[in-house]
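Q: got a predicted structure here, sequence first:
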Amino acid sequence: MQRWLVRALVLLLVAAVIGGGAFWWLTSPDRITIGREPVPAGEADIANGRLLFDAGDCAACHATPGGDRLHLGGGLAMHTQFGTFHVPNISPHETDGIGGWSVQDFVRAMRAGVSPDGRHYYPSFPYTSFQRIGPKDLADMFAYVRTLTPVPGRAPAHDLAFPFSMRRGVGLWKLAFLDGREFEPDPSKSAEWNRGKFLVEGPAHCAECHSPRNFAGAIIAERRFSGGPNPDGAGFVPNITPHETGIGGWSKSDVVELLTTGFTPEFDSVGASMRAVVENTARLPPEDREAMAEYLLSLPPVASSPR
Amino acid sequence: MLRKVVVAATVAAGVVAYGAGSLLAQTDVIAERQALMKQAGGATRTGSQIAKGELPFDEAKAKEIFAVYQAVAEKAPALFPEGSDKGDTTAAPTVWTDKAGFEAQFAAFGAAAKQGAAAAGDLDGFKTAFAAISQECGVCHQTFRVKK
């Protein structure tokens, strides 16, 4: 063989080994420090946990389709452009659900998207929003979930197209899109606005569906909340900024009404998966729905992307 | 030869005209069912105002709301013919893949509307019946309408 060819091949091999090593190192779940924050000692507040569970619409995805909303056996199939995600069992079942988890496992899963056995979760599980919730609130949610009925059975594995089928690649995605910052109140704003921001940006994860995403499947920051194609099927998820193409002109009580009964100001009733969201937001204390409305109506108005 | 061309052209023109006609008919049927849903929305607005005490209770008006719902339940299924899934519509594909389920929803809605009218003789009866039936809007939209 020609010497230059041998050299070129050796060089390529070295580059591949270095590249592969760098990828492996960069994408390691162990490198992520988010979600290792200590959980404050003391008794969990189960009522607060239930409130956050409802605000988080956990049941909307994790309840076994067609069953009781608090039977969190999973199994819902989400068909996306990356493939089909099968929502897992998060009931307190010892082996099939999260019954064998520690509270720290739960905090780590919710804030860093890392499983107790050290693997990445796909961001179809919206930990990019849940990272805003602090360890104390998460411990309360965990305590509440543990009071629910254990449901046996596991959902099938996700069925994704290459390269998304490479779970490790999620590590790269997290480098770009996961910052681990817990919600911080803005002292220049009212307590109501801050509560609303916490709920909307954290547990309720509204932006996850109501925002357009880029080629990497991440929310386009400057178009946050301005709606976009439905990531999980047909249709268009509406703009929820106060722009004329969104909820511009809505009053606070209009937004509260939607989150309570599902009716828009035109008395159209929201459909598709928003229905399950309203079933959850309807359970919140009225002042929390008002806080969410206060924050949503304070967002910068952004025009909807073309349909 | 010429005759063949004329015949072919006539047939082609006929096919085009027929196609355009059915397309037009579908646009009409989509507009028609949207107008019908708007009527239901209008009735719901009035109902919501009465239930919240923003409008005084009036038996005739209360019963009219359920009459509108009943009319919607009767007319709606025929406004979703095969092929009307294309165009400016947010009807979900399930309307056609689960036609029996879709029609059963409207049948149940019609029956609930009839019962509601009978129960709407006083404000309390109206409120209970209205709260129950207005939930049905969302139940049906969950399965049979896409996000919009």
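A: Arrived safely. As the structure is a prediction and not an experimental result, all values here were calculated from the model. Residues are numbered from 1 along each chain as shown, chains lettered A, B, ... in the order given.
Q: tell me the centre residue of the chain?
A: I went with chain A, as the question did not name one. Central residue of chain A (C-alpha atoms, centre = their mean): residue A:126, 1.5 Å from the mean position.
Q: list the contacts for that residue?
A: By C-beta atoms under 8 Å, 6 or more residues apart in numbering or on different chains, residue A:126 lies in contact with A:205, A:208. For glycine as for every other residue, the C-beta is placed from the backbone atoms N, C-alpha and C.
Q: and what of residue A:235?
A: A:229, A:272, B:90, B:92, B:146, B:147, B:148.
Q: which members of the residues you listed are the farthest-apart pair?
A: A:229 and B:92 (15.2 Å; C-beta to C-beta).
Q: neighbour count winner among those two?
A: residue B:92 (23 against 16; other C-beta atoms under 10 Å in any protein chain shown).
Q: got a pLDDT number for the more buried one?
A: According to the prediction, residue B:92 has pLDDT 92.
Q: tell me who's in contact with it.
A: Listed by C-beta under 8 Å, 6+ apart, the contact set of residue B:92 reads A:234, A:235, A:272, B:143, B:144, B:145, B:146.
Q: next: residue A:202.
A: Counting by C-beta under 8 Å, 6+ apart, residue A:202 makes contact with A:129, A:130, A:132, A:133, A:183.
Q: if I read this right, the fourth one contacts residue A:52, doesn't it?
A: This means residue A:133. Yes. In this structure, residue A:133 is within contact of residue A:52 by C-beta atoms under 8 Å, at 7.2 Å.
Q: overlap in contacts, these two.
A: What both residue A:133 and residue A:52 touch, as defined by C-beta under 8 Å, 6+ apart, is the set A:141, A:203.
Q: out of the contacts of residue B:92, who's nearest residue B:77?
A: Of the contacts of residue B:92, the one sitting nearest to residue B:77 (C-beta to C-beta) turns out to be residue B:144, at 11.3 Å.
Q: could you pull up phi and psi at the closest one?
A: Per-residue torsions, residue B:144: phi -110, psi 10 (degrees, to the nearest 10).
Q: which of the contacts of residue A:202 are buried?
A: A:129, A:130, A:132, A:133, A:183 (16 or more other C-beta atoms under 10 Å in any protein chain shown).
Q: in helices, which of the residues you listed fall?
A: Those of the buried ones among the contacts of residue A:202 mapping onto helices are A:129, A:130, per DSSP state H.
Q: can you get me a residue count around whichever residue of chain B sits closest to chain A?
A: In chain B, the residue that lies nearest chain A is residue B:141 (2.8 Å; C-beta to the nearest C-beta). Neighbourhood size, residue B:141 [other C-beta under 10 Å]: 23.
Q: now for residue 120: which residues touch it?
A: No chain in the question, so chain A it is. By C-beta under 8 Å, 6+ apart, the residues touching residue A:120 are A:27, A:29, A:113, A:114, A:167, A:168, A:170, A:171, A:174.
Q: my bad, the chain I had in mind was chain B
A: Each residue near residue B:120 by C-beta under 8 Å, 6+ apart is listed here: B:59, B:62, B:63, B:65, B:66, B:126, B:129, B:130.
Q: what about 10 Å?
A: Residue B:120 makes contacts with B:47, B:50, B:57, B:59-66, B:126-130, as judged by C-beta atoms under 10 Å, 6 or more residues apart in numbering or on different chains.
Q: what pLDDT does it get?
A: We have a pLDDT of 93 for residue B:120.
Q: also residue A:14?
A: Residue A:14 carries a pLDDT value of 89.
Q: one more: the one 3 residues further on?
A: In this prediction, residue A:17 carries a pLDDT score of 89.
Q: show me which of the contacts of residue B:92 are buried.
A: Buried among the contacts of residue B:92 (16+ other C-beta under 10 Å): A:235, A:272, B:143, B:144, B:145, B:146.
Q: output those residues as JSON lines; include the columns secondary structure.
A: Below are the buried ones among the contacts of residue B:92 laid out as JSON lines (DSSP: H, G, I helix; E, B strand; the rest coil):
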{"residue": "A:235", "secondary structure": "strand"}
{"residue": "A:272", "secondary structure": "coil"}
{"residue": "B:143", "secondary structure": "helix"}
{"residue": "B:144", "secondary structure": "helix"}
{"residue": "B:145", "secondary structure": "strand"}
{"residue": "B:146", "secondary structure": "coil"}
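Q: among these, which one lies nearest to residue A:142?
A: Nearest to residue A:142 among the buried ones among the contacts of residue B:92 is residue A:272, at 29.6 Å by C-beta to C-beta.
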